[in-house]
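Mind folding the following:
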Amino acid sequence: MSQADLSKVRNIGIAAHIDAGKTTTTERILYYTGKIHKLGEVHAGAATMDFMIQEKERGITIQSAVTAAEWDGYHINIIDTPGHVDFTMEVERSLRVLDGVVAVFCAVAGVQPQSETVWRQANRYSVPRIAYINKMDRTGADFFNVVERLRDRLGSNAVPVQIPIGEESAFIGVVDLIRQKAITYKDDTGVNFEEGDIPANLQEQAAEWREKMVEAAAESSEELTMKFLEGESLSEAEIVEGLRKRTIANEIVPVVCGSSFKNKGVQPMLDSACAYLPSPLDIPPVHGTDPHTGAELTRKHSSEEPLSALVFKIKPDEYSGKLAFVRVYSGVLKTNTVVENPKLRKRERIGRLVKMHADHREDVTELVAGDLGAVVGLKQSITGDTLTSESNGIILETLFVPEPVISVALEPKTKADQDKLGVALAKLVEEDPTFHTSTNPDTGQTMISGMGELHLEIIVDRMLREFNVDASVGRPQVAYKEAIRKTVKVEGNFIRQTGGRGQHGHVWLEVGPNEPGKGFSFESKIVGGVIPKEYFPAVKTGAEEACSAGILGGYPVVDVKVTLVDGSFHQVDSNEMAFKIAGSMALKEGLRANECYLKEPMMKVEVVVPDDYLGDVIGDLNGRRGKVEGVDPGPGGTQVLNAVVPLAEMFGYSTSLRSRTQGRGSYSMEFGCYEEVPRAIQENIVSRLAGKVG
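Numbers count the residues shown, from 1 in each chain. Reported below is the predicted structural model:
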């Protein structure tokens, strides 16, 4: 693909809160671009991008799905992402490799909790975005209120480039503020529309918002700013170029609107995505490190550069082992060639390359810079790994992986299931970095950890359907952490004398609390060679490994600061292993001598509840140790409650909320932070664990 062709490529994601209309919007894009010829609806389990059996049954997106389409001379690679917080890793991995995002917002609900999460994820990778305000046909739809919320809650410089013609049931089209034309739809097919003059009752409003839009475009350059200030008119091309430049620089967010379900506004939204979102040529060169020297390297988005491709997703494949989804940043990835995984220092053979359309594959001979595709049959590479040419290696920045917050015990039902369990879990762990497995050392149970109840429910369902492993699940367990309050000085003395060479490791450590969120840190204040420097890393490793299990309940100990202050060594008997064991012994002694406490995950919960039930719901949240932080008026006679509640108290909350609100209440939650567990609760948890061990 030439550089000129690359300028017509758009790698975009469709991202939003659950039920904002992402998959429906993607379905319409595929229909209007001619990729599919019949619309499938999410609620009917017939959407093209929701191809997993669990997605069809539940009417939600669980895995990100890749497809591609052609529109007005542009080649658009699209990733449809999930909206549920339990599957936030799917959004994370997608945003890491995308150049732009269409953020979808409900015209009624506006900015919702997962909308904020998606926005933060896009900020993390500096991904330019446009906002598409969907569901303009719904009762309570308010375009300008959502624009205000985009500014207030997300801190974005939202710039409408369209305004709606009518709202709720009267929504019939949009005003294009750049061309000053009204686009009205004659029916609900989305095909029959006409362009005409702006309706008389909207002309004043359109002129006001056009002025704001032109001013935003003019700020893209001194030349346009002067032209605007001197009262000269900007041409359509200048406005589009100005908006595009500022969008790519993440200075503004163009806002469009429509109703995907009623097939109105999707084509103008596609035009805006192509006009304002970047091509691979518009984004900065990708950064990485030299695998041999650690020096920083860059790669331009060009097929002429050495190969660099990032594996952003692994999916088990029934026939070929696994499917590795890749984004090619530079160079060309070809079939029947050998590439290197510089992180593992391993070679991988590229046997077969495919481009994906949901679960359908199209064989290709090469993937070039800017392409999204998949490699069939990679042996060793996993999510976050880089594929490069053997002579010009680079390790690209990997993905951010959130920590799991919930664990359950897994019990295979038969001996046959036990035998197959390990294989199934290994494949699922490889596919999903937020899914962890472990064995409880006290009970011997297999524990699985994930991002929420729904996440683990889907995992167990997939084990049965895809891997034929039938297992029962224990009560969810919270991923508690342990922490310490004070600094203590402790000794670790590991001296063993046998017939030959012995073992000698002796350290004095100061073990104390670190700043919240800082994790484990280690420093040495040894002077005068009391302990040789080559043993410092071994002491650090021993102490850090000892933090994996605390003394209260065996949970990981977090935010610990360890300082090596004294010790001794033996010229013959001292070695790294002895000092590692001494460091571990000292850390464990430091925990025993300290005041330890438990920390629990706190969830940010948003509850939408009818006015009549507000008091009852607040009382229930207070009974769950929740802290209500605010109540805002919501759409259609509802109230929106924002609260922080311990995850341990949220199990089964959906059933409780439905029964208290006659099925009319809804909620969503996302991980907030870790906070100290109240003493009485902590004692209960510790005694319960002691009873199990006893």
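
Show me what counts as buried in the helix or strand hosting residue 175.
Residue 175 is part of strand 173-176 when elements are defined by DSSP states H and E. By neighbour count on 16 or more other Cβ atoms under 10 Å, the buried set for strand 173-176 is 173, 174, 175, 176. Backbone N, C-alpha and C define where each C-beta goes, glycine included.

show me the contacts for the residue minimising distance to the centre of the chain.
Nearest to the mean C-alpha position of the chain, by Cα atoms, centre = their mean, lies residue 92 at 2.7 Å. By Cβ atoms under 8 Å, 6 or more residues apart in numbering, the contact list for residue 92 reads 121, 399, 400, 401, 402.

how about 7 Å then?
Contacts for residue 92 were tallied using Cβ atoms under 7 Å, 6 or more residues apart in numbering; they are 121, 399, 400.

Over to the nearest residue to residue 261 once chain neighbours are set aside. Which of the three states is it?
Counting by Cβ to Cβ, 6 or more residues apart in numbering, residue 24 is the residue found nearest to residue 261 once chain neighbours are left out, at 5.6 Å. Counting by DSSP: H, G, I helix; E, B strand; the rest coil, the backbone at residue 24 sits in helix.

Give me the distance between residue 24 and residue 540.
52 Å (Cβ to Cβ, to the nearest Å).

Same drill for the two, tell me which one is more crowded.
residue 24 (27 against 20; other Cβ atoms under 10 Å).

Now do that one, the pLDDT please.
Per-residue pLDDT puts residue 24 at 87.

follow-up on the earlier one: now do the phi/psi pair for the residue nearest to the centre of the chain.
The phi/psi pair for residue 92 (degrees, to the nearest 10) reads phi -60, psi -50.

can you list contacts of the strand holding residue 175?
Outside strand 173-176, the residues touching it (Cβ under 7 Å, 6+ apart) are 162-165, 182-185, 193, 198, 202, 206, 257-258, 264-265, 268.

how about residue 88, what does it touch?
Counted by Cβ under 7 Å, 6+ apart, residue 88 has contacts 117, 402, 451.

Between those, which sits nearest residue 640?
residue 117 (16.5 Å; Cβ to Cβ).

does the closest one count as helix, strand or coil?
Classified using three-state DSSP, residue 117 is helix.

now it: how far from residue 254?
22 Å.

Which one of the two is surrounded by more residues?
residue 254 (27 against 22).

what sits opposite the more buried one in the beta ladder?
Residue 254 has the following beta-bridge partners by DSSP bridges: residue 159.

Next one: it from residue 134, what distance?
15 Å.

Residue 613 now?
Applying Cβ to Cβ to residue 613 and residue 134 gives a distance of 28 Å.

Quick check: closest non-adjacent residue to residue 180.
residue 198 (6.4 Å).

isn't residue 439 right next to residue 425, touching?
No. Between residue 439 and residue 425 there is no contact under Cβ atoms under 7 Å: 10.9 Å.

Spell out which helix or strand contains residue 94, please.
Going by DSSP H and E, residue 94 is in helix 88-97.

quick one: contacts of the helix or strand hosting residue 622?
Element membership of residue 622 [criterion: DSSP H and E] is helix 614-623. The contact list for helix 614-623 (Cβ under 7 Å, 6+ apart) reads 607, 609, 628, 639, 641, 643, 645, 656, 657, 660, 661, 665.

Kindly indicate which of these lies nearest residue 148.
Once Cβ to Cβ is applied, the member of the contacts of helix 614-623 that ends up nearest residue 148 is residue 639, at 18.9 Å.

Touching, residue 450 and residue 435? I think so.
Yes. If you go by Cβ under 7 Å, residue 450 and residue 435 touch, sitting 5.3 Å apart.

Show me which of these two is the more surrounded one.
residue 450 (26 against 20).

so that one bridges to which residues?
residue 406.

How about the contacts made by residue 335?
Counting by Cβ under 7 Å, 6+ apart, residue 335 has contacts 350, 351, 352, 353, 365, 366.

need those in a markdown table with distance to residue 18, neighbour count and pLDDT, can you?
Shown next, in a markdown table, are the contacts of residue 335 (distance: Cβ to Cβ, whole Å; neighbours: other Cβ atoms under 10 Å; pLDDT from 0 to 100):
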| residue | distance to residue 18 | neighbour count | pLDDT |
| --- | --- | --- | --- |
| 350 | 37 | 22 | 91 |
| 351 | 38 | 13 | 86 |
| 352 | 35 | 16 | 89 |
| 353 | 33 | 23 | 92 |
| 365 | 39 | 10 | 91 |
| 366 | 37 | 16 | 91 |
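
Show me those that map onto strands.
Of these, the ones assigned to strands by DSSP state E are 350, 352, 353, 366.

Please identify which pair of those lies farthest apart.
Going by Cβ to Cβ, the pair spanning those furthest: 352 and 366, at 11.7 Å.

Next, work out how far apart the residue nearest to the centre of the chain and residue 273 are.
21 Å.

Around the residue lying closest to residue 398 once chain neighbours are set aside, how many other residues sit close by?
Nearest residue to residue 398 in three dimensions, chain neighbours excluded: residue 384, at 3.7 Å (Cβ to Cβ, 6+ apart). Residue 384 sits with 21 neighbouring residues when counted by other Cβ under 10 Å.

quick check, residue 384 in a strand?
No. Counting by three-state DSSP, residue 384 is not part of a strand but coil.

Looks like it contacts residue 397 (just checking).
No. Look at residue 384 against residue 397 with Cβ under 7 Å: they stay out of range, at 8.9 Å.

Stretch 629-648: end-to-end distance?
Its start and end residues considered, stretch 629-648 measures 19 Å (Cα to Cα, to the nearest Å).

And stretch 214-233, by the same measure?
9 Å.

can you pull the buried residues of that stretch?
Neighbour-count burial for stretch 214-233 [16+ other Cβ under 10 Å]: 214, 215, 216, 217, 218, 219, 220, 224, 227, 228.

what residues does that stretch touch?
159, 234, 238, 239, 242, 243, 245, 246, 252.
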